[in-house]
Every structure is written in C-alpha cells, then in structure tokens.
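>>> generate coordinates for the sequence data below:
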Amino acid sequence: MSTQTIERTTLSNLVYNEPYARKVLPFLRAEYFLDPQERVVFEEINKFVEKYNTQPTKESLSIELDGRKDLSDDGFKKVIDIIQSLSDAQVDMNWLVDTTEKFCKDKAVYNAILNGISIIEGKDKNHTPEAIPSILQEALAVAFDNNVGHDYVEDGADRFEFYHKKEEKLAFDLDYFNKITNGGIPQKTLNIALAGTGVGKSLFMCHMAANTLMQGKNVLYITMEMAEEKIAERIDANLMNITMDDLKELPKKMFTDRLSKIQGKTNGKLIIKEYPTASAHSGHFRALLKELSLKKSFHPDIIFIDYLNICSSARFKGNANVGSYFYIKAIAEELRGLAVETNVPIMSATQTTRGGYANSDVGLEDTSESFGLPATADLMFALITTEELENLGQIMVKQLKNRYNDPGMNKRFVIGVDRAKMKLYDCEQDAQDGITDSGQAQQDDTPLFDKGQNAKYDKFNDIKF
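Alright, predicted model coming up:
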C-alpha cells in the first residue's frame with residue numbers, strides 16, 4: 001500500500017475536483033513532480049485539459065497513455081498503477097490549495113538551486129553565473145494568483161467599494177498641498193519637487209521629513225548631496241524651532257532637553273543614510289531597507305531621496321553609452337518600482353535647466369537632463385522664487401503633473417518659508433489673492449435657498465441611459 005503524498009493527492013484532485021483543478025493547474029509544472037511516473041500522469045492530465053477543457057477520467061488517461069513511446073514496459077505498468085490508485089477522497093479545499101501552493105514554491109526553489117549548481121559546475125551551457133540571482137528570484141516569486149483581470153459587470157460591486165474606500169495617505173502640514181493631493185500622498189508613488197540650485201529642494205524635503213516624523217511615522221532620508229549631520233542639523237532647526245546659527249551656540253543640556261521633548265511627542269523614528277554622489281541605486285536602497293529591518297526592526301512609512309539626478313541606475317552603468325534621457329528615466333522607473341515594492345511613497349527632487357533657473361514660471365520643459373522623469377512621476381511641482389517673493393519670505397509652488405487631483409485647480413499658490421529655521425508654513429489667505437490659477441476665484445454661486453438637503457445627489461437624476 002503506497003503512502004499518500006501531496007503529489008498523489010494533487011493528481012487525484014486534478015481528476016476528481018474540478019474547482020481545484022481550474023484554480024491550481026495554471027501554476028503547476030511537470031518538473032515539480034520528481035518521480036518520473038507521477039510526472040507522466042501529470043503531463044497526460046494537463047494535455048487532456050488543454051485539449052478538451054474538461055477533466056479526464058482514469059479510463060481516458062489509460063487510453064491516452066498507449067500513445068506514448070517513451071515508456072518501458074515496467075514504466076508503463078507503474079504509471080497505470082498510479083492512475084488506478086487515484087481516488088475521490090474528500091479534502092478541505094482551502095487546506096488543499098494552500099498545501100499545493102507551498103508544494104509548488106518548495107519544488108521551484110529546489111529546482112532553482114539544482115540549476116544554479118549545474119551552472120556553476122559548467123554543465124549548463126545556456127546560462128552564465130550572472131543568471132543565478134534571477135533564477136532564484138523567479139523561483140521565490142512562485143505564488144497562486146487567479147486574478148486574470150477586472151470584469152466590468154461582475155466586479156461592479158467591488159469597484160463601487162473601491163470608489164468609496166478611504167486611501168491611506170501621508171498628510172502634509174501645509175493646507176494647499178493637502179488640497180492638491182486630496183489629503184496627502186498615497187503609498188506606492190514617486191513624488192518630485194523641481195527647483196533651481198538654492199531655491200529649497202532639500203529644505204522642502206527636510207521640512208516634510210520633520211513633519212512626517214511628528215505624525216508618529218518612520219522616516220528614511222537618503223542623502224547623496226549633503227552629509228548625514230547636515231541633514232540632521234536642518235531637521236533639528238525645524239523641530240527645535242531655532243535658527244541654524246543659534247543651534248551651534250545651544251548648550252548641550254538645552255539641546256538634550258529639546259531632543260527629549262521631541263522624542264516624547266512621537267513614536268516614529270528617523271534614519272538618515274549618506275551615500276557618495278552618483279554611487280548608489282535602487283539595489284543599494286533595497287539592501288539598506290533589508291539591513292534596517294534585520295538590525296533595527298525599522299520599516300519606513302516614507303522614503304526621501306536627496307536627490308534623484310545624482311543617483312545611479314541599477315540597469316545602466318555610469319559609463320554606459322546611453323543618453324541622459326534614458327539614464328534619468330531609468331532611475332525614475334527604478335525608484336518608482338521600489339516605492340511599489342515597499343508599499344511606501346518616495347519623495348525626491350530634480351534640478352531645473354539653466355534657463356529654468358531664472359524663469360519665474362517654470363514648466364515641465366524646464367526639467368533638467370530628461371523629460372522621462374515627469375513622464376514617470378505621480379506628482380511633480382515646481383518651487384519658484386523671485387526677489388519679490390524672497391523679500392516677502394515666500395516660495396511659489398506650481399503644479400506640473402498631478403495624478404491625485406485636477407492639476408488645474410490651485411495650479412499656483414504660495415507658502416511661507418523661514419530659511420533660518422528650515423521651516424515652511426501656510427501663508428495668510430490674502431497672500432493667495434491675485435495669483436493666476438490659484439483657484440481662489442472659483443466659488444459656488446448657488447443661492448443658499450436653492451441648496452436642498454439632497455442637492456448634491458440631484459444632478460444624478462437627469463442622467464439618461
């Protein structure tokens with residue numbers, strides 16, 4: 001009497017359990033069955049289902065087996081014995097699917113390791129050792145995913161729930177940024193600030209990092225432009241509400257007391273990591289995240305990268321013969337991929353061109369080096385300063401691209417800046433008056449007495465199908 005194994009249970013249910021067969025068959029592979037005879041049975045089942053779109057019987061499998069020329073008499077007999085042993089035993093469906101998924105994962109990794117050994121020993125002439133990481137990565141990614149697309153009619157209820165589901169976002173402490181992003185930046189996104197040298201790219205990111213930390217979130221700040229201590233100094237000035245000059249004169253006791261107060265107001269952590277300019281790419285950042293997770297149990301809620309243009313690409317070497325368009329676009333795509341993989345938003349920045357530096361109305365065309373960057377970003381805005389704005393202690397913000405809201409609403413607005421304390425703040429409402437495309441002039445002119453209790457739903461009553 002043969003011992004029941006996951007392989008035999010899988011084969012039995014592929015014949016007798018149609019819901020199970022349709023769920024798992026797309027993910028099973030013949031090479032997962034290490035026993036040669038069991039592999040033959042699976043191949044015949046899979047071939048039959050592909051041809052007739054229905055499950056075979058034991059009789060049809062036995063007949064189909066007669067056509068095979070690769071079996072010895074002894075092998076043929078063993079395969080027939082396996083087919084006859086298949087039974088219609090009742091097994092819990094959820095357990096069976098989970099166990100089959102684990103079986104596929106284990107066998108995929110086992111086969112990948114064997115393939116890696118074969119490559120190292122030179123037995124595999126089609127692959128080089130450089131292919132081993134991708135082979136292992138592909139094996140580790142094996143999982144059952146039955147989502148084959150969104151059915152417009154059948155999935156309508158799910159779509160309605162999606163429309164009314166509140167998306168998890170990281171809010172700003174600046175009102176107009178919350179307005180243009182519908183409450184903050186979502187996860188899995190790449191957000192870019194465009195500005196000239198010295199306008200305030202790092203200031204903006206340091207302020208936002210400080211604000212996110214005070215929301216109780218974990219923040220990872222990666223810098224390739226300034227030293228770790230310089231970034232920390234700016235965040236100290238922001239959170240301690242003290243100028244950069246006074247920070248250097250602050251006695252150690254007062255500094256420690258203020259740091260303790262900050263620590264008492266938040267459960268979040270801030271990690272600042274410095275890399276040499278143009279030396280690190282998404283692969284280094286991914287390794288850093290794993291190291292932080294292992295050594296400090298640190299998982300960021302947002303990642304700041306200061307700044308994108310001085311990262312390197314994981315796909316292209318620094319001396320690769322590619323233009324700046326493809327190189328910067330590759331960096332942007334890799335960083336956005338990292339955001340999706342880690343389920344966090346990434347905030348970074350880029351420089352304007354030389355012409356954009358002196359431009360008081362910066363546009364997407366003023367993005368330096370590559371127009372592929374704005375094509376990849378989810379949110380992109382320009383930080384603009386003029387002598388007049390500088391005297392007023394303000395920075396103008398102009399939306400350039402926005403996937404979260406209508407970029408035509410509040411296209412331009414101003415925020416206050418205290419450069420000595422590395423702080424940004426909301427300006428008084430009258431500061432927005434007179435700004436073209438500020439959105440201030442758009443108001444609801446409907447008289448109060450015409451606004452019934454159900455007024456906001458009345459507009460749907462006139463829709464004709």
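
>>> ok, now how distant is the closest residue to residue 191 other than its chain neighbours from residue 8?
For residue 191, ignoring the flanking residues on the chain, the nearest one in space by Cβ to Cβ, 6 or more residues apart in numbering is residue 379 at 4.3 Å. Every C-beta, even on glycine, is put in place using the N, C-alpha and C of the backbone. Residue 379 sits 54 Å away from residue 8, going by Cβ to Cβ, to the nearest Å.

>>> please say which of those two ends up with more neighbours.
residue 379 (24 against 18; other Cβ atoms under 10 Å).

>>> the more buried one reaches residue 405, doesn't it?
No: shown here, residue 379 and residue 405 do not form a contact pair, counting by Cβ atoms under 8 Å, at 9.3 Å.

>>> which neighbours do these two have in common?
residue 181 (Cβ atoms under 8 Å, 6 or more residues apart in numbering).

>>> gap between the longest strand that the chain contains and the chain center?
Counting by DSSP state E, the longest strand found in the chain is strand 394-402. Offset of strand 394-402 from its chain centre (Cα atoms, centre = their mean, to the nearest Å): 24 Å.

>>> also stretch 249-257?
The answer for stretch 249-257 is 40 Å, by Cα atoms, centre = their mean.

>>> before we move on, back to that, what packs against the longest strand of the chain?
Here strand 394-402 touches helix 175-180, strand 379-384, strand 412-418, going by 3 or more Cβ pairs under 8 Å, 6 or more residues apart in numbering; DSSP states H and E.

>>> now do that strand against strand 379-384, angle only.
150 degrees (axes from the mean of the first three to the mean of the last three Cα atoms, to 10 degrees).

>>> partner strands of strand 394-402 and their direction?
strand 379-384 (antiparallel), strand 412-418 (antiparallel) (DSSP bridges).

>>> relative to residue 237, which of these is closest?
strand 412-418 (9.3 Å; Cβ to Cβ).

>>> out of the helices and strands packed on strand 394-402, which is the most enclosed?
strand 379-384 (a mean of 24; mean count of other Cβ atoms under 10 Å).

>>> okay, it in CSV with CA atoms only?
The C-alpha coordinates for strand 379-384 follow below in CSV (Å, rounded to 0.1, in the frame of the first residue of the first chain):
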residue,chain,number,x,y,z
LEU,A,379,3.2,64.2,-8.6
MET,A,380,5.6,66.9,-9.8
PHE,A,381,5.6,70.5,-8.7
ALA,A,382,8.0,73.4,-9.1
LEU,A,383,9.4,75.6,-6.3
ILE,A,384,9.8,79.1,-7.6
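
>>> so what touches that strand?
180-181, 185, 189, 191-195, 199-201, 204, 352, 359-364, 366, 373-374, 395-404.

>>> out of those, which are buried?
180-181, 185, 189, 191-195, 199-201, 204, 352, 359, 362, 366, 373-374, 395-402, 404 (16 or more other Cβ atoms under 10 Å).

>>> could I get the helices and strands packed on strand 394-402 as TSV with distance to residue 268 and mean pLDDT?
Conversion of the helices and strands packed on strand 394-402 to TSV gives the following (distance: least, Cβ to Cβ, whole Å; pLDDT from 0 to 100):
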stretch	distance to residue 268	mean pLDDT
helix 175-180	19	94
strand 379-384	22	93
strand 412-418	23	94
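
>>> just give me the residue closest to the centre of the chain.
residue 340 (0.9 Å; Cα atoms, centre = their mean).

>>> show me what contacts that residue?
Counting by Cβ under 8 Å, 6+ apart, residue 340 has contacts residue 188.

>>> over to residue 116?
132, 135-136.

>>> ok, now residue 258?
240, 242, 250 are the contacts of residue 258 under Cβ under 8 Å, 6+ apart.

>>> leaving out sequence neighbours, find the closest residue to residue 398.
Nearest residue to residue 398 in three dimensions, chain neighbours excluded: residue 382, at 4.5 Å (Cβ to Cβ, 6+ apart).

>>> what about residue 230, how many residues nearby?
Neighbour count of residue 230, defined by other Cβ under 10 Å: 14.

>>> related to what we said a few turns ago, and which of the contacts of residue 258 is nearest to residue 284?
Nearest to residue 284 among the contacts of residue 258 is residue 240, at 31.2 Å by Cβ to Cβ.

>>> run a quick neighbour tally on that closest one.
Neighbours of residue 240 (other Cβ under 10 Å): 20.

>>> quick check: it touching residue 262?
Yes: contact criterion Cβ under 8 Å: residue 240 and residue 262 qualify, at 7.3 Å.

>>> residues making contact with the helix or strand where residue 63 lies?
Using DSSP states H and E, residue 63 sits within helix 58-65. Residues from elsewhere that reach helix 58-65 (Cβ under 8 Å, 6+ apart): 15, 40-41, 44-45, 47-48, 56, 71, 76, 79-80, 83-84, 86.

>>> now with 7 Å?
Contacts with helix 58-65, where a contact means Cβ atoms under 7 Å, 6 or more residues apart in numbering, come from 15, 44-45, 48, 79-80, 83-84, 86.

>>> do stretch 343-361 as well
For stretch 343-361, the external contacting residues (Cβ under 7 Å, 6+ apart) are 170, 185-197, 201, 205, 208, 300-309, 335, 338-339, 362, 366-368, 373, 384, 386.

>>> got it, and stretch 193-206?
225-226, 231, 234-235, 238, 304, 306-307, 347, 349-352, 356-357, 362, 367, 380-383, 385, 395, 400, 417, 419, 422, 424.

>>> list the buried residues in stretch 273-289.
For stretch 273-289, using 16+ other Cβ under 10 Å, the buried residues are 273-275, 280-282, 284-286, 288-289.

>>> hmm, back to that, including distance to residue 166, could the strands paired with strand 394-402 go into JSON lines?
Output for these, formatted as JSON lines (distance: least, Cβ to Cβ, whole Å):
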{"stretch": "strand 379-384", "distance to residue 166": "19"}
{"stretch": "strand 412-418", "distance to residue 166": "25"}
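
>>> the strand or helix carrying residue 334: which residues count as buried?
Using DSSP H and E, residue 334 falls within helix 324-342. Residues of helix 324-342 classed as buried by neighbour count (16+ other Cβ under 10 Å): 327-339, 342.

>>> next: stretch 135-146.
Using 16+ other Cβ under 10 Å as the test for burial, stretch 135-146 gives 135-136, 139, 142.

>>> pLDDT added to those, as TSV?
As requested, the buried residues of stretch 135-146 are exported to TSV (pLDDT from 0 to 100):
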residue	pLDDT
135	82
136	83
139	82
142	78
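
>>> and of these, the nearest to residue 221?
Proximity of the buried residues of stretch 135-146 to residue 221 (Cβ to Cβ) peaks at residue 136, which lies at 31.4 Å.

>>> check which helices and strands the helix or strand hosting the closest one sits against.
Element membership of residue 136 [criterion: DSSP H and E] is helix 132-140. For helix 132-140, the elements it packs on are helix 93-120, judged by 3 or more Cβ pairs under 7 Å, 6 or more residues apart in numbering; DSSP states H and E.
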